[in-house]
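In: got a predicted structure here, sequence first:
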Amino acid sequence: MEITLLVFFQAALSLFAIVDPIGGLPVFISLTQGLSEQERRRIFRFAVAIAFLLVLSFALVGSFILHHLFHIEISEFAFAGGMLLVVVGIREMLVTGLPAESPEEKNGEKDRKQHYQAVAVSPIACPLLAGPGTIVTVILFQQHYGQLFAISVCVVVFSFTMLILSFASRLSRLMGPIGMLAVSRILQIFIIAIGVHFMFMGLTEAFPRLFGGGF
């Protein structure tokens, strides 16, 4: 298949829409409450780097990893990612309260850093940035256009993602702590809903006749 600049642009645009750093920005901010602007930017850079490396690995050897190394299907991966999001959303809704202590106050600086590094890896990097949809799309690019094409698209998309997340703290300042708290509670519901969507997507791929179509 002939690869043109238009094909590359369309592929990059479609992957960017799936990664959706703009739509996910409030979620990322809510997951990093209590951080300074510099700390939040560092966590976001770490998350984007992890997501990029994860997606890049699937662009290189995605089909082999899923089918031959772990013996799992895309539908199973989607279901697992969705379940993770549901657990994260429920945990944040039930555990985190209005006067909640920050990890720094409760466990010290070392545990605080470990907490936010863990948040950067999951759920920000995976499955929010590098979710099942992102991974499936990259694998399809690799199969149809080759590895170099898939890698190039990943580089462009995650470079723009890094740029967008660098301005996340400005939005948090505009909303203020009370506004962020309110948005955080509402967004936990959306996180759970996204997780349920991924779970149904996986079930639909695994049992197309039972669910009568796709997402």
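Out: Arrived safely, thanks for sending.

In: might one say that residue 128 is in contact with residue 26?
Out: No: because the distance of 11.6 Å does not satisfy Cβ atoms under 8 Å, residue 128 is recorded as not touching residue 26. To be clear about C-beta, it is placed using only N, CA and C from the backbone, and glycine gets the same treatment.

In: closest to the centroid, which residue in this structure?
Out: Taking Cα atoms, centre = their mean as the criterion, residue 128 is the residue nearest the geometric centre of the chain, at 1.7 Å.

In: what sits against it?
Out: 24, 27, 28, 85 (Cβ atoms under 8 Å, 6 or more residues apart in numbering).

In: pLDDT for the residues you listed - can I get that in TSV?
Out: As requested, the contacts of residue 128 are exported to TSV (pLDDT from 0 to 100):
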residue	pLDDT
24	80
27	81
28	86
85	72
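
In: tell me which other helices or strands the lengthiest helix in the chain touches.
Out: Among the elements of the chain assigned as helix by DSSP state H, the one spanning the most residues is helix 168-206. The contact analysis (3 or more Cβ pairs under 8 Å, 6 or more residues apart in numbering; DSSP states H and E) places helix 168-206 against helix 25-31, helix 37-64, helix 74-95, helix 132-145, helix 208-211.

In: residue 113 is nearest to which of the ones you listed?
Out: Of all those, the one in closest proximity to residue 113, counting by Cβ to Cβ, is helix 37-64 (8.9 Å).

In: now the closest one against helix 74-95, angle please.
Out: 150 degrees (axes from the mean of the first three to the mean of the last three Cα atoms, to 10 degrees).

In: now do helix 37-64: distance to the chain's middle.
Out: A distance of 9 Å separates the C-alpha centroid of helix 37-64 from that of its chain, computed with Cα atoms, centre = their mean, to the nearest Å.

In: ditto for stretch 19-28
Out: With Cα atoms, centre = their mean as the basis, the distance from the averaged C-alpha position of stretch 19-28 to the chain average is 8 Å.

In: what strand or helix carries the closest residue to residue 59 other than its chain neighbours?
Out: Ranked by Cβ to Cβ, 6 or more residues apart in numbering and with sequence neighbours excluded, the top spatial neighbour of residue 59 is residue 150, at 4.0 Å. Secondary structure assignment for residue 150, by DSSP states H and E: helix 147-165.
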